[in-house]
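In: structure here, sequence nowhere to be found:
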RNA sequence: GCCGAAGUGGCGGAACUGGUUUACGCGUAGGUCUCAAAAACCUAUGAGAGCAAUCUCAUGUGGGUUCAACUCCCACCUUCGGCACCA
């Protein structure tokens, strides 16, 4: 019988589906395990082999855990709102909803052809009104708690497409779609106060088990720094400029003040003589986008306002400048310039001839800024202190004078939640002329996205929804007067913020999710996804979950107990797979040629799971050979009664290896060990008996679910291999009787010999010294020391 | 610049807690089978020297610790990923 994956895979997939194999059971007495993969965006190009990598790898873990007796929840759904589908609709005229349905069907067919053990009964779709009803509901809860608000914010605006663009849609300062130069436009946007959660989002990372790099990325993105806010009084006015600094110890070295162009005091501070230049400068920097401002990093520009402020420590006159290298939204939009001890300030001072005053010794400020900590000089009473001491002392002094206090700053900004697009969740808000912002009553949710013919953007920067007057014009729920719906929609993060909760109770129309079920299943025990989602998606969904915890919906402060990431699957040429490079690998082709089991195992075997790796068609073939070899081996040996002790030992060793490696996501070495075992058994076919065959099949089942199911039935079993208990290894059997004793002289291998495991040190010395080769090496030299490492080696030092 | 990770054959990569470097796969060479080829299977395969036994050199570079270093420490180089004028 030949190994024919095409035939057996379809057969077993059907069998598993008909018998509801992989359903998770609410409140089961078995220990629960919630394993989550990032749900895919059903794009028009179909499933990517990268999806397969993470889904099959986690599927192997899931299958093994089920065999070990866990009640596993391994769900799947569709993150279907978003730009690619909307752009496709604009281009082709096919409605996003229609396109989404079609794409979901394709993805579903493809995923099912891989034999992944998802619980399909819990399938969700973010574009389903029954689902986004609750996305909207969460928005209303945030609004209720004052965590959602509206603000005027500049957005990236494409004058040709007439649409607000997300940062991801701006490439090289041009519109991704049409290539027109992007401008800044002020629009009123919905915002979430995620900054209120900044500390908890950092500190609670201690409660979970995230990979170090993921943890670091979260911390980096939030960007917390401790420092001092210092007030600089103005020379000729009661106003003061408040600046944030982490280097209070350099306060005596301040030789200028730079304000961001947006700073509210700029206009007031600009003197008549300087008005022209300042206005010109501000106008120019307004025309620059965020991109240009950061792009011109090397060259710092600025202009003098004509005014001065006073250094609080010594009343020195400090010129006030405007410069667009100062970020308006951070630290009050002002910077105290200490050229001697900050690189950027040094550049700025050099360019405009500002004084460079050394106040921390240890460097050579005639050459470059000295940014390390050191001893204070030129700082009056604080001279001689270390930087650490001076930061404390000067801050205390400022506090006494009422001119400064300790504070914390974050890079994290509030989250812009509005998009001027059609294909997203409508924001459940009504704007009433007399009542103002009125939330849609919860009983009226969902606010359904109207099915329209035209989703082309408008001239005004409004969402395409603004054109649908019968949808927009409504009665105010409060006063019954004329009112209009909010026409912006939510970003694609909205649906993916909380989807893992909905899997727990996907059909509930009374609540977001039943609390008892939530308590049973949460938190997610293990969440695996792409590295590209370890900052924003992770942060946003943790924020939303924390909020829901605060309003007593969620049972725990963190949603994900463990977070891991997979590396990208690149094309054969090492580039990203892309239609334009014509290097895309279609999983359908691989399944058709070699079968799903080969594809699954290849993607686990190709390299370390967390690293990006290029596709290799030859490698796929190698895996197929392995499976064929295994197939033949089992069929040839199934009549053998008993296995030899070496084969049994090898099987138990493999068992241990898989147990260890799978937990650490070392799929590649698990498979390699399996290959080794099969190679060994193939050379000792007569010694491979029924007992080991059954064990081997069970061990391969999580990796090659179809083939092992077929062979299991071939052995005469009537039930499924996936319902069997995972085999345990016996540490006594694992233990080898013999080992290779390495004999070294001065740390270099000179001889080897097979000996018994429990060889004593004395015996080992005797053996080693009696060997001819060793005698020759030692000659008449004196033996200084002999080191014996049990079960490994003996080293003779001469 | 900051944070995170990595550097081992022709290639992807193994190596537990410091103890045989190169597992497994690919590729290559030779062989078996065949009229022939493909497929499959078997054998060999880090580099250099030697008829051979065997020896020398090899884990980015330079030092160090140790009986022993891919592994630990110090300095440097390179590559990748993330953040980035965040004061």
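Out: That came in fine, so what should we check first? On a predicted model such as this, the values are computed, not experimentally measured, just so you know. Numbering: from 1, shown residues only, chains lettered A, B, ... in the order given.
In: neighbours around the closest residue to RNA strand B within the stretch 401-550 of chain A, how many?
Out: RNA strand B sits closest to residue A:411 of the stretch 401-550 of chain A, with a gap of 3.5 Å, by Cβ to the nearest atom of the strand. Quick note: C-beta positions are derived from backbone N, CA and C, even for glycine. Neighbourhood size, residue A:411 [other Cβ atoms under 10 Å]: 14.
In: three-state assignment of residue A:186?
Out: strand (DSSP: H, G, I helix; E, B strand; the rest coil).
In: just the pLDDT at residue A:171, thanks.
Out: The score at residue A:171 is 64. That number is its pLDDT.
In: also residue A:295?
Out: 60.
In: equivalent analysis for residue A:164, please.
Out: At residue A:164, pLDDT is 69.
In: ok so, going back, where's the nearest residue to the residue of the stretch 401-550 of chain A closest to RNA strand B once chain neighbours are set aside relative to residue A:217, distance?
Out: Nearest non-adjacent residue to residue A:411, counting by Cβ to Cβ, 6 or more residues apart in numbering: residue A:223, 2.8 Å away. Remark: distance between residue A:223 and residue A:217 (Cβ to Cβ, to the nearest Å) = 11 Å.
In: looking at chain A, which helix or strand is least sure?
Out: helix A:290-295 (a mean of 61; mean pLDDT, DSSP states H and E).
In: any idea which helix or strand comes after that helix?
Out: Per DSSP states H and E, the first helix or strand lying C-terminal to helix A:290-295 is strand A:303-310.
In: close to RNA strand B, is that next one?
Out: No - using Cβ under 7 Å from any atom of the strand, no contact is recorded between strand A:303-310 and RNA strand B, whose separation bottoms out at 13.7 Å.
In: in its sheet, which strands sit next to the next helix or strand after that strand, and in what direction?
Out: Toward the C-terminus, strand A:303-310 is succeeded by strand A:317-322 as the next helix or strand (DSSP H and E). Strand A:317-322 sits in its sheet next to strand A:256-259 (parallel), strand A:303-310 (antiparallel), going by DSSP bridges.
In: where does pLDDT dip in chain A?
Out: A:161-173, A:175-177, A:289-298, A:457-459 (pLDDT under 70).
In: and the stretch 151-300 of chain A, which residues reach RNA strand B?
Out: Checking the stretch 151-300 of chain A against RNA strand B by Cβ under 7 Å from any atom of the strand, the hits are A:212-213, A:216-217, A:220-221, A:223, A:225, A:227, A:244-247, A:260, A:293-294, A:296-297, A:299-300.
In: do the stretch 601-750 of chain A as well
Out: Looking at RNA strand B, the residues of the stretch 601-750 of chain A close enough under Cβ under 7 Å from any atom of the strand are A:606-608, A:611-614, A:616, A:618-619, A:621-623, A:625-626, A:628-629, A:666, A:668-669, A:671-672, A:675-676, A:679, A:682-683, A:739-740, A:742, A:744, A:746-750.
In: in helices, which of the residues you listed fall?
Out: Taking DSSP state H as the definition of helices, those contribute A:618-619, A:621-623, A:625-626, A:628-629, A:668-669, A:671-672, A:675-676, A:679, A:682-683.
In: which of those count as buried?
Out: Burial by neighbour count, 16 or more other Cβ atoms under 10 Å: within these this picks out A:619, A:623, A:626, A:628, A:629, A:668, A:669, A:671, A:675.
In: what residues are up against residue A:139?
Out: A:148, A:417, A:427, A:428, A:490, A:494 (Cβ atoms under 8 Å, 6 or more residues apart in numbering).
In: that one: which element?
Out: Take DSSP H and E as the rule and residue A:139 turns out to sit in helix A:129-144.
In: other SSEs contacting the helix or strand following that helix?
Out: Per DSSP H and E, helix A:129-144 leads on to strand A:148-158 as the next helix or strand towards the C-terminus. Applying 3 or more Cβ pairs under 8 Å, 6 or more residues apart in numbering; DSSP states H and E, one finds that strand A:148-158 contacts strand A:163-165, strand A:183-192.
In: direction included, what does the longest one pair up with?
Out: This points to strand A:183-192. strand A:148-158 (antiparallel), strand A:415-416 (antiparallel).
In: angle of that strand against helix A:129-144?
Out: Interaxial angle, strand A:183-192 versus helix A:129-144 (axes from the mean of the first three to the mean of the last three Cα atoms, to 10 degrees): 90 degrees.
In: buried sites along strand A:183-192?
Out: In strand A:183-192, counting by 16+ other Cβ under 10 Å, buried: A:187, A:189, A:190, A:191, A:192.
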